[in-house]
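J.: Okay, sequence plus prediction incoming.
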Amino acid sequence: MLHYLGVMSGTSLDGLDIALVEQSDRPRLVASHFLPMPARLRAELLALCEPGQDELARAAIAENEWARLAANAIGELLDAQALSPAAVRAIGSHGQTVRHEPQRGFTIQIGNPALLAELSGISVVADFRRRDVAAGGQGAPLVPAFHHALFADGRTRQAVLNIGGFSNLSLLAPEQPVRGFDCGPGNVLMDAFIQREQGLAFDRDGAWAAGGSPDSDLLSAFLKDGFFATSGPKSTGRELFNLAWLDRHLAERAPIAGQDVQATLLELTARSISEALASAQPGTERVLVCGGGARNKALMQRIAQLVSPAEVLPTDSLGIPADWVEAMAFAWLAHCCLERIPGNEPEVTGAAGPRVLGAIYPA
């Protein structure tokens, strides 16, 4: 069996997810490891999402740190599994997105894959998004092709919902090509707001939001953003949905209690998902949820209410832990690259056609 490693640090920047995957007919998670992101590196990576002084040099230094952190995490995982680097065919490294503006023809993920290959002794496949953008696509989301490979059963009209910093849907209907798109904010605004107001990294179980009441006027203003009016292919990021976006909305109305703002942000995530699903795939029977948002009980309950009678389940119910699906996806994309299998879905990204994704950095 072929083994691959998937490395992912998402929008939340809480740390690096490392998944060891066995590639056979369907990918299988063998082991996983999480390494927290150092506070200083997290702050710098967040700062690099916006224009700033000396940002080229700062980005180069930050991506070297990121690569060293990833190499350390990989070493810890392999040691725990008593595996040598030679047992792994390749690392699929997403890197850290610092800019994503496909409408301007670019997307940037940093992570110095050459250094990661040097430090780990394992070949690295990285830079997955830019080939799709070069072909006229959004470069995101890339996970729908993987979701199809992992979850499609040919019988069930289902959706796979990934809720990370942003949310995206993969639509899996029998005898139809996979479709998908970004829905809008997932955890990104809820996390940013509670960090500012409460000093907490995230709203555990959605408890703070659950104690508040959504403000209908604020929610209505949120949903009038032009992003929600467009259909796929579409993707988004911190360039649009950020604290400045939220603060502009808050400045236009009377003060709202912080807990009610948090409740409104949770409702925005749930509503943007449910309305997108209803429009794009009516009659969905099952929604499989992965990503950090699958652990937010209040959010999961609200999504279940809004998409009823569809069944809403974390991917854990199928034996695939929700926290590791995205890291697994980049291990699979590395396999696709080495085997020259297209990794994008043109119906999803809007690219001119199927493309082999990724650049290879041999060990």
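T.: Done, it's in.

J.: buried set for the longest helix belonging to the chain?
T.: If you go by DSSP state H, the chain has its longest helix at helix 55-80. Judged by neighbour count (16 or more other Cβ atoms under 10 Å), helix 55-80 contains these buried residues: 59, 62-63, 65-67, 69-71, 73-75, 77-78. (C-beta placed from N, C-alpha, C; glycine too.)

J.: Check stretch 184-192 too.
T.: Applying 16+ other Cβ under 10 Å to stretch 184-192 flags 184-192 as buried.

J.: any chance of those in TSV, with secondary structure too?
T.: Below are these laid out as TSV (DSSP: H, G, I helix; E, B strand; the rest coil):
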residue	secondary structure
Gly184	strand
Pro185	strand
Gly186	coil
Asn187	coil
Val188	helix
Leu189	helix
Met190	helix
Asp191	helix
Ala192	helix
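
J.: As TSV, the residues you listed with pLDDT and distance to Asn168 would be great.
T.: TSV is the format used below for these (pLDDT from 0 to 100; distance: Cβ to Cβ, whole Å):
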residue	pLDDT	distance to Asn168
Gly184	96	9
Pro185	97	11
Gly186	96	8
Asn187	96	13
Val188	95	13
Leu189	97	16
Met190	98	16
Asp191	96	17
Ala192	95	19
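
J.: ok, residues contacting whichever helix or strand Leu20 is part of?
T.: For Leu20, the host element (DSSP states H and E) is strand 15-23. If you take Cβ atoms under 8 Å, 6 or more residues apart in numbering as the criterion, strand 15-23 is touched by 1-10, 27-37, 69-70, 73-74, 77, 81, 83, 88, 323-324, 326-328, 331-332, 335.

J.: Could you list the paired strands of that strand along with their orientation?
T.: Using DSSP bridges, strand 15-23 pairs in its sheet with strand 2-8 (antiparallel), strand 28-36 (antiparallel).

J.: returning to what we had before: and the longest helix of the chain, what does it pack against?
T.: Packing partners of helix 55-80 (3 or more Cβ pairs under 8 Å, 6 or more residues apart in numbering; DSSP states H and E): strand 2-8, strand 15-23, strand 28-36, helix 39-47, strand 96-101, strand 106-110, helix 113-120.

J.: For the residue nearest to the spatial centre of the chain, grab phi and psi.
T.: For the chain, the residue sitting closest to the mean C-alpha position, by Cα atoms, centre = their mean, is Gly164 at 4.9 Å. Phi and psi for Gly164, reported as degrees, to the nearest 10, are phi -110, psi -140.

J.: Tell me which residues touch it, please.
T.: For Gly164, the contact set (Cβ under 8 Å, 6+ apart) comprises 10-12, 186-187, 291-293, 326.

J.: Give the buried residues for stretch 249-262.
T.: 249-250, 256, 259-262.

J.: closest to Arg99 among these?
T.: Closest approach between the buried residues of stretch 249-262 and Arg99, by Cβ to Cβ: His249, at 23.4 Å.

J.: Tell me if I'm right that that closest one and Leu223 touch.
T.: No - under the criterion of Cβ atoms under 8 Å, His249 makes no contact with Leu223, lying 10.9 Å away.

J.: that older thread, model confidence score at the residue nearest to the centre of the chain, please.
T.: Looking at Gly164, its pLDDT reads 92.

J.: What about the residue lying closest to Ala173 once chain neighbours are set aside, how many residues nearby?
T.: Leaving aside its chain neighbours, Ala173 sits nearest to Arg157 (5.0 Å; criterion: Cβ to Cβ, 6 or more residues apart in numbering). Arg157 is flanked by 16 other residues according to other Cβ atoms under 10 Å.

J.: likewise Glu175?
T.: Neighbours of Glu175 (other Cβ under 10 Å): 5.

J.: Equivalent analysis for Asn296, please.
T.: Counted with other Cβ under 10 Å, Asn296 comes out at 28.

J.: Now the buried members of the contacts of strand 15-23.
T.: 3-10, 27, 29-33, 35, 37, 69-70, 73-74, 77, 83, 88, 323-324, 326-328, 331-332, 335.

J.: where along the stretch 201-350 of the chain do the helices fall?
T.: When assigned using DSSP state H, counting those that start in this stretch, the helices of the stretch 201-350 of the chain occupy the ranges 207-210, 216-223, 226-229, 243-251, 258-280, 297-307, 325-338, 346-349.

J.: From Leu266, how far out is the most far-flung residue of the chain relative to its centre?
T.: Using Cα atoms, centre = their mean, the residue of the chain lying farthest from its centre is Ala254. It sits 33.8 Å away. Distance, Ala254 to Leu266, using Cβ to Cβ, to the nearest Å: 21 Å.

J.: do the same with Ala304
T.: Taking Cβ to Cβ, one finds Ala304 at 13 Å from Leu266.

J.: just Arg99 next, same as before
T.: For Arg99, the distance to Leu266 - Cβ to Cβ - is 27 Å.

J.: Which of those two has more residues huddled nearby?
T.: Neighbours per residue (other Cβ under 10 Å) separate Arg99 from Leu266, with Leu266 holding more: 26 against 18.

J.: related to what we said a few turns ago, of the helices and strands packed on helix 55-80, which approaches Asn344 most closely?
T.: Using Cβ to Cβ, the helices and strands packed on helix 55-80 put strand 106-110 closest to Asn344, at 12.8 Å.

J.: just checking, what packs against the closest one?
T.: helix 55-80, strand 96-101, helix 129-134.

J.: Of all the residues in it, which ones are buried?
T.: Buried residues in strand 106-110, counting neighbours by 16+ other Cβ under 10 Å, are found at 107-110.
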